[in-house]
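Enquirer: take this sequence and fold it.
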Amino acid sequence: MLRLDPGEMMGIKEEEEDSEEEDEDDEDDYLLAAGDPPHPHHPPEQVRGRGRRGREEKERTKVRERRRRAVTARILAGLRSHGNYSLRVRADINEVVAALAREAGWVVLPDGTTFPSSSSASAQTPRPAMLVPVPSSAAAPHPTLRLPASTAPAQPLRGLVPSPLAARPISRRAAGHASSAFLAPPRAVPPEGASSPLLSVPVPDEPDAADTDDTPMDKGDGKQVGLATSPAPVPPPPERDFAGTPYVPVYVMLPLNVVSVEGEVVDADALVAQLRLLRAAGVDGVMVDCWWGNVEAHGPQEYNWTGYRRLFHIVRELKLKLQVVMSFHACGGNVGDDVSIPLPDWVTEIGKSNPDIYFTDREGRRNTECLSWGVDKERVLQGRTAVEVYFDFMRSFRVEFDAYFEDGIISEIEVGLGACGELRYPSYAANHGWKYPGIGEFQCYDRYLQKNLRRAAEARGHAMWARSPDNAGHYNSEPSTTRFFCDGGDYDSYYGRFFLNWYSQVLLDHADRVLMLARLAFEGSAIAVKVSGIHWWYKTASHAAELTAGFYNPCNRDGYSPIAQVLKKHGAALNFTCVELRTMDQHEVFPEALADPEGLVWQVLNAAWDAGIQVASENALPCYDRDGFNKTLENAKPRNDPDGRHLFGFTYLRLCSTLFEGPNFKEFERFVKRMHGEAVLDLQA
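Expert: So this is what the prediction gives:
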């Protein structure tokens, strides 16, 4: 939370005192506003009632005004503290816009007009207009306020406020650029009949009636501001030229059921035809899930690699490379799962008599997608622990496909560490009723994790903390409706911090144990870990959806640096999702989710790069359009990064017939070339 300096607090206090004096002087006006003027024949009780209503309304007005001033002061404090902006305590929005424009290298005239410094004829030509668009809504767009620059007022327009605060700054690479986490950057909008781009400033959702009328608005100096009936069209931003940038390999995920449980390659002829097209488009390789439930289906250490041998032979003949996922989870019951591949039969038999081998929620529902981390060191799998089972599986794979490792065909092994093969708890399983953007539920109620929690509480000296939260809502709750995740809730209490530390540490310990054995099994080979991009509720203080998934990442703590340190310990790369998503698009579809995928991606990339580990990525949702590909490119090769950092690989989700329909494949082929640093001829200027 931002803290105000004494000067700011004094400014707020002065404003409140001035307001209170004005309220006392105008008390009669408030009383008159509450009803009809007092009449000599009206009874005293009626006059007193009206006076009481007037005083209540006055108090409500004062409270609203104090809140507005506090929010404004925090915004300005954030700009001064994190962006080195020189703004006075009681600065207005026009001063903020002018400061942002100057930082961007634009010219700001005394009357408030802004234009790029490259405009050489600005003094001889009419000055452009400044657009002030009202934020759009899903129902209907608000009108746009058009201010002629020659009449731009020096004082702020009534009702103008800065754009909403982000939950917290994501990166502090340079003090001069950190302000972008607090205030939305200016957006270039060409006015009608002018060639210079302009700054846009948001107007509140509930302007006064005088501001939304279709008639011109009098500014008080005889000049008028016209109101447009619809926003001006905004052209797409110019595409960045990635020619000559670093080469980033591109892989494509194969269908989930490309190898059947019977050990056959599904629809091999069609697959070969599609792989040839991918190879012609420049794709480097493919990713395939190696399902534990298929390979070790019938008995402990009875491995059937037949289907994968056939698939790998096809891939090698086509001169493609392989990324192989050690999938120790079941398929089915999650978003995007179109097939059902359960855990091995002998494991599910054990689960019938001992259901505590699975993750369990507060209501006692078992999640059979993967084994609970509580059995990592418990000999409950016919004499073996869970990590021993994982190690035996990985070692068998390494021996079976030794030639593919030696020839470099297998370029990377991704180790599955939880639900969906990702390092996380199964906190938002669709088969338990979860729907986006629910916060999910804690998954630590099996007896093995509960025993672990009791030991941790006793070691801390607070045995009464050996319990899981009982006020954290359910799968589809919102943070504000729970006493644990709401602002100032129990998540930030002494008990809450203890529990969340323990919950996230169990996740880190599981990753540490499995990666240590993976390094032994795949010595000399590249290994990676997939981390899910839980971007919903990122703009709240608690980050509730991340907490239930095991990422202890509230607004006052970095939950991804500890994960990066564990991966660094074992020389593993981090594979992150949702690099193609844009925050504004998420706000348009689900504004109530308070999502920020761009902020989350930037935080995770910086945490990994600061730890000195490699980062790969993949898209979270199917992507066929140029806008999504361009967003991926920007994240893969950040513009003007002082250290020249970039992703070391990208995996496209997923191979399907839709990819080859209409213009989809041309866009994908164009995207591959740009990821490789090649030039394309159809850049949109």
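Enquirer: for the stretch 451-600 of the chain, which segments count as strands?
Expert: Assigned by DSSP state E, counting those that start in this stretch, the strands in the stretch 451-600 of the chain fall at 527-531, 573-576.
Enquirer: hmm, who's touching the longest one?
Expert: Strand 527-531 has contacts (CB atoms under 8 Å, 6 or more residues apart in numbering) with 412-417, 421-424, 511, 515, 518-519, 560, 563, 567, 570-577, 604, 616, 618. In short, each C-beta sits where N, CA and C put it, glycine included.
Enquirer: tell me which of the strands of the stretch 451-600 of the chain approaches Asn452 most closely.
Expert: strand 527-531 (22.0 Å; CB to CB).
Enquirer: please state the offset of that closest one from the chain centre?
Expert: 18 Å (CA atoms, centre = their mean, to the nearest Å).
Enquirer: just the CA trace of stretch 98-105, in PDB.
Expert: Provided in PDB are the C-alpha atoms of stretch 98-105 (Å, rounded to 0.1, in the frame of the first residue of the first chain):
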ATOM      1  CA  ALA A  98       1.600  17.100 -19.100                       C
ATOM      2  CA  ALA A  99       4.200  15.200 -17.100                       C
ATOM      3  CA  LEU A 100       3.600  12.000 -19.000                       C
ATOM      4  CA  ALA A 101       3.700  13.800 -22.300                       C
ATOM      5  CA  ARG A 102       7.100  15.400 -21.400                       C
ATOM      6  CA  GLU A 103       8.500  12.100 -20.400                       C
ATOM      7  CA  ALA A 104       7.500  10.600 -23.800                       C
ATOM      8  CA  GLY A 105       9.300  13.500 -25.500                       C
END
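Enquirer: in that stretch, what counts as buried?
Expert: Across stretch 98-105, burial judged by 16 or more other CB atoms under 10 Å covers 98-101, 103.
Enquirer: ditto for stretch 297-307
Expert: So for stretch 297-307, counting by 16+ other CB under 10 Å, buried means 297, 303, 305, 307.
Enquirer: ok, the buried residues of stretch 98-105 vs Ala545, which is closest?
Expert: Taking CB to CB as the measure, Ala545 sits nearest to Leu100 out of the buried residues of stretch 98-105, at 31.4 Å.
Enquirer: in the stretch 151-300 of the chain, which ranges drop under the pLDDT threshold?
Expert: Segments of the stretch 151-300 of the chain classed as low confidence (criterion: pLDDT under 70) are 151-236.
Enquirer: do you know which of the strands of the stretch 451-600 of the chain lies nearest Phe359?
Expert: strand 527-531 (17.8 Å).
Enquirer: dump that closest one to PDB, restricted to CA.
Expert: C-alpha atoms of strand 527-531 as PDB (Å, rounded to 0.1, in the frame of the first residue of the first chain):
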ATOM      1  CA  ILE A 527      14.600 -29.900 -18.200                       C
ATOM      2  CA  ALA A 528      11.800 -27.400 -17.700                       C
ATOM      3  CA  VAL A 529       8.800 -26.800 -15.400                       C
ATOM      4  CA  LYS A 530       5.500 -25.300 -16.400                       C
ATOM      5  CA  VAL A 531       3.900 -22.600 -14.200                       C
END
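Enquirer: report the buried residues of that strand.
Expert: 527-531.
Enquirer: if you average the pLDDT over that strand, what comes out?
Expert: What strand 527-531 shows for mean pLDDT is 98.
Enquirer: ramachandran coordinates for the residue nearest to Gly418 when sequence neighbours are not counted?
Expert: Spatial nearest neighbour of Gly418, chain neighbours left out: Arg424 (5.1 Å); criterion: CB to CB, 6 or more residues apart in numbering. Dihedral pair for Arg424: phi -170, psi 160, per degrees, to the nearest 10.
Enquirer: go on, the one 5 residues further on?
Expert: The phi and psi torsions at Ala429 (degrees, to the nearest 10) take the values phi -80, psi 130.
Enquirer: over to Tyr428?
Expert: According to degrees, to the nearest 10, Tyr428 has phi -130, psi 60.
Enquirer: remind me which residues of the chain are low pLDDT?
Expert: For the chain (pLDDT under 70), the answer is 1-51, 81, 83-84, 86, 88-92, 110-112, 117-236, 335-336, 685.
Enquirer: tell me the centre residue of the protein?
Expert: The centroid of the chain falls nearest to Pro597 when counting by CA atoms, centre = their mean (2.4 Å).
Enquirer: assign a three-state SS to Gly333, would you?
Expert: coil (DSSP: H, G, I helix; E, B strand; the rest coil).
Enquirer: which non-adjacent residue is nearest Thr348?
Expert: Pro342 (6.3 Å).
Enquirer: ok, that neighbour - contacts?
Expert: Residues in contact with Pro342 (CB under 8 Å, 6+ apart) are 293, 330, 332, 348, 368.
Enquirer: I'd guessed Tyr390 sits against Val514; true?
Expert: Yes - if you go by CB atoms under 8 Å, Tyr390 and Val514 touch, sitting 5.8 Å apart.
Enquirer: would you map the strands across the stretch 251-400 of the chain?
Expert: Under DSSP E, counting those that start in this stretch, the stretch 251-400 of the chain gives strands at 285-291, 321-327, 358-360, 366-371.
Enquirer: look at Ala679 and say how many residues are nearby.
Expert: If you count neighbours by other CB atoms under 10 Å, Ala679 ends up with 11.
Enquirer: name the element it belongs to?
Expert: If you go by DSSP states H and E, Ala679 is not part of any helix or strand.
Enquirer: residue contacts, the residue lying closest to Arg519 once chain neighbours are set aside?
Expert: Spatial nearest neighbour of Arg519, chain neighbours left out: His570 (5.2 Å); criterion: CB to CB, 6+ apart. When contacts are counted by CB under 8 Å, 6+ apart, His570 is found next to 512, 515-516, 518-519, 527.
Enquirer: neighbour-wise, which of those leads?
Expert: Going by other CB under 10 Å, Ala518 tops those with 25 neighbours.
Enquirer: tell me how far the spatially closest residue to that one that is not a sequence neighbour lies from Phe328.
Expert: Nearest residue to Ala518 in three dimensions, chain neighbours excluded: Val415, at 4.8 Å (CB to CB, 6+ apart). According to CB to CB, to the nearest Å, Val415 and Phe328 sit 8 Å apart.
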